[in-house]
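>>> my questions concern the predicted model and sequence given below.
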Amino acid sequence: MDYYSARLLLYLATKKPKFMANQALQTIQKKPLLSLLALGLVTLLYYLLFFFPVIEFSHSIYALPTAVVTLIALSPILGRLSVEFWHHPITEAIARLAMTWAGVCFIYLCVRGVTRIITLVLPVDITAIVTNSLMVQASWGLTLLISTYGVFNALKLTVKEISLQSSKITKNYRLVQISDVHIGSRHSSFLRPIVQKVIGLKPELLLITGDFVDLNGLKLEDLAPFKKIQCPIYFVIGNHERYIDLDATLSTLEQGGFNILRNESCQWNELHLIGIDDAESKTKVARELPHIEKSSDHYQILMYHRPDGFTHAANAGIDLMLCGHTHNGQIIPFNFLVKRAFKQIVGIHSRGKSFLYVSPGTGTWGPVMRIGSSNEITLFNLKTQAD
């Protein structure tokens with residue numbers, strides 16, 4: 001699966017059904033042939049991802065009725081639709097379980113692909129020694145081991161510390177960034193350990209770079225853990241906030257004490273904070289930044305959800321740009337696919353005196369699973385430096 005096909009599947013899985021239907025009808029009317037090819041591609045991908053693993057399981061491990069195979073294979077879509085049409089804790093749990101199952105299927109497809117390649121490149125006919133059923137059983141066994149690791153890894157929180165120096169500040173500052181928490185894909189109880197970790201770091205500012213929530217229905221009581229945080233909280237929207245009821249979500253966040261920056265800036269002590277709304281366009285930062293008040297005498301921090309526009313930010317004198325969005329691929333080999341869309345997908349990068357930090361995310365989207373990446377809370381130690 002290439003990156004653009006993967007994005008198409010993710011897009012279909014996250015947009016509202018009514019919005020999807022309208023967009024689909026318009027596309028079909030304008031480009032019927034292209035629409036037919038896209039439908040065929042998506043159908044093939046869906047079969048490979050979700051039907052193929054279940055069919056192999058049924059044929060080689062435990063026979064399942066056709067109806068059960070179909071229901072399991074369709075569960076990722078049914079789970080998502082159930083929570084869209086009936087928002088309830090039960091449907092939320094079903095959707096999380098279904099999406100984690102989707103992650104298991106993806107891992108199985110990768111494992112099975114590797115085993116097939118091995119059988120092709122070996123100089124001997126391995127099928128004479130190992131039957132296909134045994135290969136399927138071994139692949140499922142390895143898949144379950146990898147998936148179990150991935151789920152447990154997705155429940156852990158790591159802290160990464162970054163130290164930066166600047167002559168623009170006269171005292172040291174401790175800032176914490178969280179990003180891509182994805183409440184919706186994750187239960188709101190996931191906020192409690194996040195807040196505990198943040199409090200332990202004793203930050204003077206908490207900066208949240210989007211995708212805090214990815215389902216409608218965020219309640220004020222969900223944000224109760226944040227009342228324990230004594231420092232100001234600043235927030236910019238990500239793509240998933242745009243996919244849901246943005247106004248309702250932002251209203252709840254504001255009631256919960258979040259300061260929301262939408263294509264604007266504000267001053268906090270010696271720091272100048274700038275927030276820009278997420279957009280699909282690669283030129284969003286270049287277009288918005290010139291119209292937002294800046295302060296070159298202060299340490300300037302730009303919060304933007306996706307790692308686009310760093311060159312323009314550096315040219316505008318931004319000292320530190322904070323982003324997220326990429327999840328560092330979340331599950332191997334998606335990190336290689338994401339790299340095709342973003343040059344910087346994780347970690348610290350520099351251009352002149354400017355720095356970009358791309359968080360791998362604090363939560364997970366879709367499958368509650370991380371393989372080859374970690375949930376991260378980032379602590380920035382800003383230190384004084386002589387001119």
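Here it is on my side, so go on.

>>> any stretches of the stretch 101-250 of the chain with poor pLDDT?
Along the stretch 101-250 of the chain, segments meeting pLDDT under 70 span 123-130.

>>> apply 90 and report the result again.
113-136, 215-217 (pLDDT under 90).

>>> for the stretch 101-250 of the chain, which segments count as strands?
Remark: strands assigned in the stretch 101-250 of the chain by DSSP state E, counting those that start in this stretch are 158-166, 173-178, 205-209, 233-236.

>>> in a helix, I345, correct?
No. I345 is assigned coil when assessed by DSSP: H, G, I helix; E, B strand; the rest coil, not a helix.

>>> do you know how far it is from L109?
Distance check for I345 against L109: by Cβ to Cβ, to the nearest Å, it reads 22 Å. (Each C-beta comes from the backbone N, C-alpha and C, glycine too.)

>>> domain-wise, how is this structure divided?
Domains of the chain are assigned by automatic domain parsing as 3-154, 158-384.

>>> in the helix ranked longest in the chain, what's buried?
Criterion DSSP state H: the longest helix present in the chain is helix 89-121. By neighbour count on 16 or more other Cβ atoms under 10 Å, the buried set for helix 89-121 is 91-92, 94-96, 98-112, 115.

>>> please enumerate the helices of the stretch 1-150 of the chain.
For the stretch 1-150 of the chain, the helices defined by DSSP state H, counting those that start in this stretch cover 3-14, 17-30, 32-46, 52-60, 66-85, 89-121, 132-154.

>>> nearest to E221 among those would be which one?
Nearest to E221 among the helices of the stretch 1-150 of the chain is helix 89-121 (12.9 Å), distances taken as Cβ to Cβ.

>>> okay, angle between the closest one and helix 132-154 too, please.
Interaxial angle of helix 89-121 relative to helix 132-154 (axes from the mean of the first three to the mean of the last three Cα atoms, to 10 degrees): 130 degrees.

>>> how far off centre is helix 89-121?
Distance, stretch centre to chain centre, for helix 89-121: 18 Å (Cα atoms, centre = their mean, to the nearest Å).

>>> now for it, which elements pack on it?
The contact analysis (3 or more Cβ pairs under 8 Å, 6 or more residues apart in numbering; DSSP states H and E) places helix 89-121 against helix 52-60, helix 66-85, helix 132-154.

>>> quick one: that helix to helix 66-85, angle?
For helix 89-121 against helix 66-85, the angle by the same axes, to 10 degrees is 130 degrees.

>>> OK, contacts around D319?
166, 168, 299-301, 353-355 (Cβ atoms under 8 Å, 6 or more residues apart in numbering).

>>> now those: which count as buried?
Buried subset of the contacts of D319 (neighbour count, 16+ other Cβ under 10 Å): 166, 168, 299-301, 354-355.

>>> which of these sits closest to I276?
Using Cβ to Cβ, the buried ones among the contacts of D319 come closest to I276 at I301, 11.8 Å.

>>> for the closest one, pull up the helix or strand it's in.
Secondary structure assignment for I301, by DSSP states H and E: strand 299-304.

>>> CA-only coordinates of that strand in PDB, if you can.
C-alpha atoms of strand 299-304 as PDB (Å, rounded to 0.1, in the frame of the first residue of the first chain):
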ATOM      1  CA  TYR A 299      11.500  34.500  22.200                       C
ATOM      2  CA  GLN A 300       8.900  33.600  19.500                       C
ATOM      3  CA  ILE A 301       7.200  30.200  19.600                       C
ATOM      4  CA  LEU A 302       5.000  29.100  16.700                       C
ATOM      5  CA  MET A 303       2.400  26.300  17.300                       C
ATOM      6  CA  TYR A 304       1.200  24.700  14.200                       C
END
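
>>> how about the contacts made by N375?
154, 156-158, 360-364.

>>> show me which of the residues you listed are buried.
Among the contacts of N375, those scoring as buried are 154, 157, 360-364 (criterion: 16+ other Cβ under 10 Å).

>>> can you redo those residues as JSON lines with distance to T148 and secondary structure?
JSON lines is the format used below for the buried ones among the contacts of N375 (distance: Cβ to Cβ, whole Å; DSSP: H, G, I helix; E, B strand; the rest coil):
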{"residue": "A154", "distance to T148": "11", "secondary structure": "helix"}
{"residue": "L157", "distance to T148": "19", "secondary structure": "coil"}
{"residue": "P360", "distance to T148": "21", "secondary structure": "coil"}
{"residue": "G361", "distance to T148": "21", "secondary structure": "coil"}
{"residue": "T362", "distance to T148": "22", "secondary structure": "coil"}
{"residue": "G363", "distance to T148": "19", "secondary structure": "coil"}
{"residue": "T364", "distance to T148": "15", "secondary structure": "coil"}
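
>>> now tabulate the residues you listed in JSON lines and tack on distance to D214.
Shown next, in JSON lines, are these (distance: Cβ to Cβ, whole Å):
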{"residue": "A154", "distance to D214": "15"}
{"residue": "L157", "distance to D214": "19"}
{"residue": "P360", "distance to D214": "17"}
{"residue": "G361", "distance to D214": "12"}
{"residue": "T362", "distance to D214": "13"}
{"residue": "G363", "distance to D214": "9"}
{"residue": "T364", "distance to D214": "10"}
